[in-house]
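Engineer: I would like the atomic coordinates for the input below:
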Amino acid sequence: MHVEGTLVVAESGRVKGDIYAKQLIVNGLLDGNCHAEHIQVLAKGRVSGKIWSNNLSIEPGGKFFGEAAELPEKEVVTLKDKSTEARETTAKTDKSSDRKTA
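Structural biologist: Got it, this is the predicted structure:
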């Protein structure tokens, strides 16, 4: 299940499967893997599975069975426009042809 915002599993709620969300609040039962920036397991919440999060909190009474890991850092990749790349290559070639050998 993919949610762009906050997903709440209410006290009477049950979820089985993987969850991807910005924020996850569990006060019911969740069985599966969770990927979220913020995860809160409330007093009546039960989570079983693997959690990937940089901010995990479990209230007294809340239960978590499984593994927890930090979310990997997001890498920013800048793609160059081919025309820009061609201009840079041409500029480098022009500069090297200006050099004189002794």
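
Engineer: gap between Tyr20 and Ser48?
Structural biologist: According to CB to CB, to the nearest Å, Tyr20 and Ser48 sit 17 Å apart. Bear in mind the C-beta positions are built from the backbone N, C-alpha and C, glycine included.

Engineer: check the offset of stretch 36-54 from the chain's centre.
Structural biologist: In this view, stretch 36-54 has its centroid 14 Å away from the chain centroid, taken as CA atoms, centre = their mean, to the nearest Å.

Engineer: list the buried residues in it.
Structural biologist: 36, 39-42, 44-47, 49, 51-53 (16 or more other CB atoms under 10 Å).

Engineer: show me the contacts for the nearest residue to Asn27 once chain neighbours are set aside.
Structural biologist: Residue nearest to Asn27 in three dimensions, not counting chain neighbours: Leu42, with 4.0 Å by CB to CB, 6 or more residues apart in numbering. Contacts of Leu42 were listed using CB atoms under 8 Å, 6 or more residues apart in numbering, and they are 25-27, 59, 62.

Engineer: again with Gly61
Structural biologist: 43-44.

Engineer: where does it land in three-state SS?
Structural biologist: Put simply, Gly61 is coil when judged by DSSP: H, G, I helix; E, B strand; the rest coil.

Engineer: any of the contacts of Leu42 buried? List them.
Structural biologist: Those of the contacts of Leu42 that meet the buried threshold are 25-27, 62, by 16+ other CB under 10 Å.

Engineer: let's have the residues you listed in CSV, adding secondary structure, distance to Ala69 and pLDDT.
Structural biologist: Formatted as CSV, those follow (DSSP: H, G, I helix; E, B strand; the rest coil; distance: CB to CB, whole Å; pLDDT from 0 to 100):
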residue, secondary structure, distance to Ala69, pLDDT
Ile25, strand, 20, 96
Val26, strand, 17, 97
Asn27, coil, 23, 97
Gly62, coil, 19, 96
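
Engineer: dump the residues you listed to JSON lines, plus distance to Pro72.
Structural biologist: Putting these into JSON lines (distance: CB to CB, whole Å) gives the following:
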{"residue": "Ile25", "distance to Pro72": "23"}
{"residue": "Val26", "distance to Pro72": "22"}
{"residue": "Asn27", "distance to Pro72": "28"}
{"residue": "Gly62", "distance to Pro72": "25"}
